[in-house]
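S.K.: After the sequence you'll find the predicted model.
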Amino acid sequence: MSDSIVIIPTYNEIENIEAIIRAVFELKKDFHVLVVDDNSPDGTATEVKALQEEFQERLHLEQREDKSGLGVAYIHGFKWALNREYQYIFEMDADFSHRPSDLLRLYRACVNGADVSVGSRYKRGVNVVNWPLYRVLLSYGASFYVKLISGMKVHDPTAGFVCYKRKVLEEIPLDRVKFIGYAFQIEMKFRAYLKGFKIEEVSIIFTDREKGKSKMSSSIIWEAVFGVISMKIRSLFNKNGF
(Lines give C-alpha, C1' and ligand atoms only; values in the text may rest on other atoms or scores of the structure.)
Protein backbone atom coordinates (compact mmCIF):
# COMPACT_ATOMS: atom_id res chain seq x y z
CA MET A 1 0.00 0.00 0.00
CA SER A 2 1.46 3.35 -1.05
CA ASP A 3 1.34 6.31 1.33
CA SER A 4 0.75 8.71 -1.61
CA ILE A 5 -2.11 9.26 -4.05
CA VAL A 6 -1.99 11.61 -7.04
CA ILE A 7 -5.42 12.98 -7.96
CA ILE A 8 -5.78 13.89 -11.64
CA PRO A 9 -9.10 15.51 -12.63
CA THR A 10 -9.98 15.01 -16.29
CA TYR A 11 -12.36 16.23 -18.94
CA ASN A 12 -11.50 15.29 -22.53
CA GLU A 13 -7.88 14.31 -21.86
CA ILE A 14 -7.72 11.27 -24.12
CA GLU A 15 -4.58 12.64 -25.79
CA ASN A 16 -2.67 12.86 -22.50
CA ILE A 17 -4.09 10.41 -20.00
CA GLU A 18 -2.14 7.24 -20.80
CA ALA A 19 1.18 9.07 -21.04
CA ILE A 20 0.73 10.96 -17.77
CA ILE A 21 -0.29 7.81 -15.88
CA ARG A 22 2.71 5.87 -17.20
CA ALA A 23 5.03 8.77 -16.34
CA VAL A 24 3.86 8.72 -12.70
CA PHE A 25 4.23 4.95 -12.43
CA GLU A 26 7.75 5.08 -13.88
CA LEU A 27 8.96 7.14 -10.91
CA LYS A 28 11.15 5.40 -8.34
CA LYS A 29 8.65 6.07 -5.56
CA ASP A 30 5.42 4.04 -5.48
CA PHE A 31 2.64 6.55 -6.15
CA HIS A 32 -0.97 5.56 -6.66
CA VAL A 33 -3.15 7.53 -9.09
CA LEU A 34 -6.82 8.47 -8.84
CA VAL A 35 -8.40 9.83 -12.03
CA VAL A 36 -11.59 11.80 -11.38
CA ASP A 37 -13.31 12.03 -14.75
CA ASP A 38 -16.27 14.35 -15.38
CA ASN A 39 -18.00 12.16 -17.96
CA SER A 40 -15.58 12.99 -20.78
CA PRO A 41 -17.25 12.37 -24.17
CA ASP A 42 -13.86 11.59 -25.77
CA GLY A 43 -13.44 8.28 -23.93
CA THR A 44 -10.91 9.31 -21.28
CA ALA A 45 -12.52 7.07 -18.64
CA THR A 46 -12.58 4.12 -21.04
CA GLU A 47 -8.84 4.49 -21.57
CA VAL A 48 -8.25 4.57 -17.81
CA LYS A 49 -10.32 1.40 -17.35
CA ALA A 50 -8.16 -0.36 -19.94
CA LEU A 51 -5.01 0.72 -18.11
CA GLN A 52 -6.39 -0.57 -14.80
CA GLU A 53 -5.86 -4.09 -16.10
CA GLU A 54 -2.14 -3.36 -16.26
CA PHE A 55 -1.86 -1.30 -13.07
CA GLN A 56 -4.12 -3.18 -10.69
CA GLU A 57 -4.34 -1.75 -7.17
CA ARG A 58 -2.33 1.33 -8.24
CA LEU A 59 -4.67 3.04 -10.70
CA HIS A 60 -8.13 4.10 -9.57
CA LEU A 61 -11.02 5.78 -11.37
CA GLU A 62 -13.98 7.77 -10.14
CA GLN A 63 -16.52 8.73 -12.83
CA ARG A 64 -18.84 11.64 -12.18
CA GLU A 65 -22.01 12.25 -14.15
CA ASP A 66 -21.57 15.98 -14.71
CA LYS A 67 -18.86 18.50 -15.52
CA SER A 68 -19.28 20.70 -12.46
CA GLY A 69 -15.86 22.27 -12.01
CA LEU A 70 -12.30 21.57 -10.97
CA GLY A 71 -12.92 22.23 -7.30
CA VAL A 72 -15.84 19.81 -7.08
CA ALA A 73 -13.75 17.10 -8.77
CA TYR A 74 -10.88 17.61 -6.33
CA ILE A 75 -13.18 17.60 -3.29
CA HIS A 76 -14.58 14.30 -4.56
CA GLY A 77 -11.03 12.98 -4.87
CA PHE A 78 -9.98 14.26 -1.44
CA LYS A 79 -12.89 12.50 0.25
CA TRP A 80 -12.12 9.30 -1.63
CA ALA A 81 -8.48 9.44 -0.50
CA LEU A 82 -9.37 10.21 3.12
CA ASN A 83 -11.53 7.09 3.21
CA ARG A 84 -8.33 5.12 2.56
CA GLU A 85 -4.94 5.14 4.31
CA TYR A 86 -3.08 7.68 2.16
CA GLN A 87 -0.92 10.13 4.09
CA TYR A 88 0.12 12.43 1.21
CA ILE A 89 -2.52 13.60 -1.25
CA PHE A 90 -1.45 15.34 -4.44
CA GLU A 91 -3.12 17.52 -7.06
CA MET A 92 -1.72 17.37 -10.58
CA ASP A 93 -2.93 18.28 -14.08
CA ALA A 94 -3.24 15.66 -16.80
CA ASP A 95 -1.65 17.72 -19.57
CA PHE A 96 2.08 17.63 -18.57
CA SER A 97 2.09 21.29 -17.54
CA HIS A 98 3.35 19.78 -14.28
CA ARG A 99 6.35 17.48 -14.62
CA PRO A 100 5.61 14.13 -12.94
CA SER A 101 9.22 13.95 -11.68
CA ASP A 102 8.51 17.01 -9.51
CA LEU A 103 6.09 14.90 -7.46
CA LEU A 104 9.18 13.57 -5.70
CA ARG A 105 10.25 17.08 -4.71
CA LEU A 106 6.81 17.96 -3.36
CA TYR A 107 6.77 14.70 -1.44
CA ARG A 108 10.19 15.37 0.12
CA ALA A 109 9.12 18.86 1.18
CA CYS A 110 6.20 17.43 3.15
CA VAL A 111 8.23 14.55 4.59
CA ASN A 112 10.79 17.12 5.78
CA GLY A 113 8.33 19.34 7.63
CA ALA A 114 5.89 21.14 5.34
CA ASP A 115 2.18 20.50 5.78
CA VAL A 116 1.41 21.74 2.27
CA SER A 117 3.96 21.86 -0.54
CA VAL A 118 3.21 23.93 -3.64
CA GLY A 119 4.80 23.57 -7.06
CA SER A 120 5.51 27.25 -7.58
CA ARG A 121 5.94 29.04 -10.90
CA TYR A 122 6.94 32.29 -9.21
CA LYS A 123 9.13 31.47 -6.23
CA ARG A 124 12.25 32.32 -8.26
CA GLY A 125 11.23 34.76 -10.96
CA VAL A 126 8.79 33.55 -13.62
CA ASN A 127 9.26 29.91 -14.65
CA VAL A 128 6.61 29.48 -17.34
CA VAL A 129 7.19 28.00 -20.80
CA ASN A 130 5.03 28.50 -23.91
CA TRP A 131 2.57 30.97 -22.41
CA PRO A 132 1.79 34.18 -24.30
CA LEU A 133 2.78 37.35 -22.47
CA TYR A 134 -0.80 38.29 -21.56
CA ARG A 135 -1.31 34.99 -19.72
CA VAL A 136 1.95 35.39 -17.80
CA LEU A 137 0.96 38.91 -16.78
CA LEU A 138 -2.57 37.78 -15.84
CA SER A 139 -1.34 34.88 -13.72
CA TYR A 140 1.52 36.77 -12.07
CA GLY A 141 -0.75 39.76 -11.42
CA ALA A 142 -3.41 37.50 -9.91
CA SER A 143 -0.81 35.99 -7.59
CA PHE A 144 0.31 39.43 -6.38
CA TYR A 145 -3.32 40.47 -5.91
CA VAL A 146 -4.09 37.36 -3.85
CA LYS A 147 -1.06 37.89 -1.60
CA LEU A 148 -2.09 41.51 -1.05
CA ILE A 149 -5.70 40.72 -0.14
CA SER A 150 -5.25 37.45 1.75
CA GLY A 151 -2.02 38.14 3.63
CA MET A 152 -0.55 34.78 2.61
CA LYS A 153 3.17 34.76 1.90
CA VAL A 154 2.74 32.39 -1.03
CA HIS A 155 4.22 33.48 -4.35
CA ASP A 156 1.96 31.21 -6.43
CA PRO A 157 -1.38 30.90 -4.60
CA THR A 158 -3.22 29.88 -7.78
CA ALA A 159 -0.92 26.90 -8.40
CA GLY A 160 -2.61 23.57 -9.07
CA PHE A 161 0.39 21.32 -8.34
CA VAL A 162 0.16 20.63 -4.62
CA CYS A 163 0.82 18.02 -1.94
CA TYR A 164 -1.32 18.00 1.21
CA LYS A 165 -0.54 16.01 4.30
CA ARG A 166 -3.56 14.00 5.34
CA LYS A 167 -4.08 16.00 8.54
CA VAL A 168 -4.56 19.22 6.52
CA LEU A 169 -7.48 17.85 4.53
CA GLU A 170 -8.93 16.28 7.66
CA GLU A 171 -9.05 19.69 9.38
CA ILE A 172 -10.36 21.70 6.42
CA PRO A 173 -14.18 21.51 6.22
CA LEU A 174 -14.30 20.33 2.62
CA ASP A 175 -18.07 20.75 2.32
CA ARG A 176 -17.66 24.46 3.04
CA VAL A 177 -15.19 25.10 0.23
CA LYS A 178 -17.05 27.57 -1.92
CA PHE A 179 -15.18 27.98 -5.19
CA ILE A 180 -15.12 25.50 -8.04
CA GLY A 181 -12.82 27.08 -10.64
CA TYR A 182 -9.57 29.05 -10.60
CA ALA A 183 -10.31 30.36 -7.09
CA PHE A 184 -10.56 26.86 -5.63
CA GLN A 185 -6.76 26.61 -5.45
CA ILE A 186 -6.58 29.93 -3.64
CA GLU A 187 -9.27 29.00 -1.14
CA MET A 188 -7.68 25.68 -0.23
CA LYS A 189 -4.33 27.34 0.49
CA PHE A 190 -6.04 30.16 2.40
CA ARG A 191 -7.92 27.71 4.61
CA ALA A 192 -4.70 25.84 5.34
CA TYR A 193 -2.98 29.16 6.09
CA LEU A 194 -5.73 30.24 8.52
CA LYS A 195 -5.36 26.97 10.42
CA GLY A 196 -1.66 27.60 10.88
CA PHE A 197 -0.32 24.86 8.63
CA LYS A 198 3.15 25.30 7.17
CA ILE A 199 3.01 26.00 3.43
CA GLU A 200 6.28 25.58 1.54
CA GLU A 201 6.86 26.41 -2.12
CA VAL A 202 9.00 24.26 -4.38
CA SER A 203 10.20 26.03 -7.52
CA ILE A 204 9.11 24.26 -10.70
CA ILE A 205 9.07 24.92 -14.43
CA PHE A 206 5.50 25.10 -15.74
CA THR A 207 5.02 24.19 -19.40
CA ASP A 208 1.77 24.95 -21.21
CA ARG A 209 -0.06 21.96 -22.62
CA GLU A 210 0.88 20.71 -26.07
CA LYS A 211 -2.13 18.44 -26.57
CA GLY A 212 -5.80 18.98 -25.80
CA LYS A 213 -7.71 22.14 -25.03
CA SER A 214 -7.27 24.49 -22.09
CA LYS A 215 -10.20 24.72 -19.66
CA MET A 216 -9.48 28.36 -18.74
CA SER A 217 -12.34 30.81 -19.30
CA SER A 218 -13.22 34.41 -18.44
CA SER A 219 -15.81 33.27 -15.87
CA ILE A 220 -13.14 31.29 -14.01
CA ILE A 221 -10.88 34.34 -13.92
CA TRP A 222 -13.61 36.62 -12.64
CA GLU A 223 -14.50 34.10 -9.96
CA ALA A 224 -10.95 34.45 -8.70
CA VAL A 225 -10.87 38.25 -8.88
CA PHE A 226 -14.07 38.82 -6.91
CA GLY A 227 -13.89 35.61 -4.93
CA VAL A 228 -10.71 36.54 -3.10
CA ILE A 229 -12.31 39.65 -1.62
CA SER A 230 -15.44 37.80 -0.50
CA MET A 231 -13.31 34.98 0.90
CA LYS A 232 -11.26 37.42 2.97
CA ILE A 233 -14.37 39.19 4.28
CA ARG A 234 -16.03 35.90 5.24
CA SER A 235 -12.91 34.83 7.13
CA LEU A 236 -12.83 38.12 9.08
CA PHE A 237 -16.48 38.15 10.15
CA ASN A 238 -17.13 34.43 10.49
CA LYS A 239 -13.90 32.81 11.57
CA ASN A 240 -15.52 29.77 13.18
CA GLY A 241 -17.87 29.13 10.29
CA PHE A 242 -15.48 29.84 7.40
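M.R.: Cool, the structure landed.

S.K.: for the residue nearest to Glu13 when sequence neighbours are not counted, what are its contacts?
M.R.: Excluding its sequence neighbours, the residue lying closest to Glu13 (C-beta to C-beta, 6 or more residues apart in numbering) is Ala94, at 4.3 Å. Just so you know, the C-beta spots here come from the backbone N, C-alpha and C atoms, and that holds for glycine as well. By C-beta atoms under 8 Å, 6 or more residues apart in numbering, the contact set of Ala94 is Ile8, Pro9, Thr10, Glu13, Asn16, Ile17, Ile20, Val35, Gly212.

S.K.: how does it look with 7 Å?
M.R.: Shown in contact with Ala94 (C-beta atoms under 7 Å, 6 or more residues apart in numbering): Ile8, Thr10, Glu13, Asn16, Ile17, Ile20.

S.K.: go on, Glu171?
M.R.: By C-beta under 7 Å, 6+ apart, Glu171 lies in contact with Lys195.

S.K.: how far away is it from Ser117?
M.R.: Using C-beta to C-beta, to the nearest Å, Glu171 is found at 17 Å from Ser117.

S.K.: Need the per-residue pLDDT for the nearest residue in space to Val111 that is not next to it in sequence.
M.R.: Leaving out its chain neighbours, the residue that sits closest to Val111 by C-beta to C-beta, 6+ apart is Tyr88, at 8.0 Å. With respect to pLDDT, Tyr88 scores 98.

S.K.: Give me the neighbour count for Tyr88.
M.R.: 21 (other C-beta atoms under 10 Å).

S.K.: Is it in contact with Ser2, as I believe?
M.R.: No - when contacts are counted by C-beta atoms under 7 Å, Tyr88 is not listed as touching Ser2 (9.0 Å).

S.K.: Tell me where this protein has helices.
M.R.: Under the criterion DSSP state H, helices of the chain are mapped to 17-25, 44-52, 70-82, 103-111, 133-150, 166-171, 182-194, 218-237.

S.K.: Just name the most buried of the ones you listed.
M.R.: Mean neighbours per residue, mean count of other C-beta atoms under 10 Å, is largest over these for helix 182-194, with a mean of 24.

S.K.: Who's the closest spatial neighbour of Ser203, skipping the chain neighbours?
M.R.: Distances taken as C-beta to C-beta, 6+ apart put Lys123 closest to Ser203, at 4.4 Å, once the chain neighbours are dropped.

S.K.: just to revisit the earlier point, CSV please, covering the helices of the chain and showing mean pLDDT.
M.R.: Listed next are these as CSV, based on pLDDT from 0 to 100:
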stretch, mean pLDDT
helix 17-25, 98
helix 44-52, 97
helix 70-82, 96
helix 103-111, 98
helix 133-150, 83
helix 166-171, 98
helix 182-194, 92
helix 218-237, 72
